[in-house]
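Engineer: with the sequence up front, the predicted model follows.
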Amino acid sequence: MTSIVDVHVPAGTQSRPASLISKAIPVVVAAGLGLVLLYGAAFAETPALHNAAHDGRHSAGFPCH
């Protein structure tokens, strides 16, 4: 025998779908941080850091020269 359980959620506690802005904020922050790190390493004075960024661009398939 199957029984149906009636579960009531108190008013005001129902979850709402996340708005577009709340979904976009982490994406924009992550993209911005990635660009800062990429360009920061690309123009770095330290040759090892610059070469690592250079090799990373090549391995990702981006031409750089």
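Structural biologist: Perfect, I can see it now. For clarity, every value in this text was computed on a predicted model and none was experimentally measured. Numbering: from 1, shown residues only.
Engineer: show me the shaky parts of the protein.
Structural biologist: Applying pLDDT under 70 to the chain flags residues 1-17, 64-65.
Engineer: got the buried residues for the lengthiest helix in the chain?
Structural biologist: When the chain is parsed with DSSP state H, its longest helix is helix 20-42. In terms of neighbour count (16 or more other Cβ atoms under 10 Å), helix 20-42 has its buried residues at A41. (C-beta placed from N, C-alpha, C; glycine too.)
Engineer: which secondary structure elements does that helix contact?
Structural biologist: Here helix 20-42 touches helix 47-59, going by 3 or more Cβ pairs under 8 Å, 6 or more residues apart in numbering; DSSP states H and E.
Engineer: helices or strands up against the helix it packs on?
Structural biologist: The helices and strands touching helix 47-59, judged by 3+ Cβ pairs under 8 Å, 6+ apart, are helix 20-42.
Engineer: show me what the helix it packs on is in contact with.
Structural biologist: Residues from elsewhere that reach helix 20-42, judged by Cβ atoms under 8 Å, 6 or more residues apart in numbering: L49, H50, A52, A53, H54, G56, R57.
Engineer: now it against helix 47-59, angle please.
Structural biologist: 120 degrees (axes from the mean of the first three to the mean of the last three Cα atoms, to 10 degrees).
Engineer: with just CA atoms, put helix 20-42 into CSV.
Structural biologist: Presented in CSV, the C-alpha positions along helix 20-42 are these (Å, rounded to 0.1, in the frame of the first residue of the first chain):
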residue,chain,number,x,y,z
LEU,A,20,20.8,36.2,-14.1
ILE,A,21,22.9,38.7,-12.3
SER,A,22,23.7,36.4,-9.4
LYS,A,23,24.7,33.7,-11.9
ALA,A,24,26.8,36.1,-13.9
ILE,A,25,28.8,37.6,-11.1
PRO,A,26,31.1,34.6,-10.4
VAL,A,27,31.6,34.1,-14.2
VAL,A,28,32.7,37.7,-14.7
VAL,A,29,35.0,37.6,-11.6
ALA,A,30,36.6,34.4,-12.7
ALA,A,31,37.1,35.6,-16.3
GLY,A,32,38.6,38.9,-15.0
LEU,A,33,40.9,37.1,-12.7
GLY,A,34,42.0,34.8,-15.4
LEU,A,35,42.7,37.7,-17.8
VAL,A,36,44.7,39.6,-15.1
LEU,A,37,46.8,36.4,-14.4
LEU,A,38,47.3,35.7,-18.1
TYR,A,39,48.3,39.3,-19.1
GLY,A,40,50.3,39.7,-15.8
ALA,A,41,52.3,36.7,-16.6
ALA,A,42,52.7,37.5,-20.3
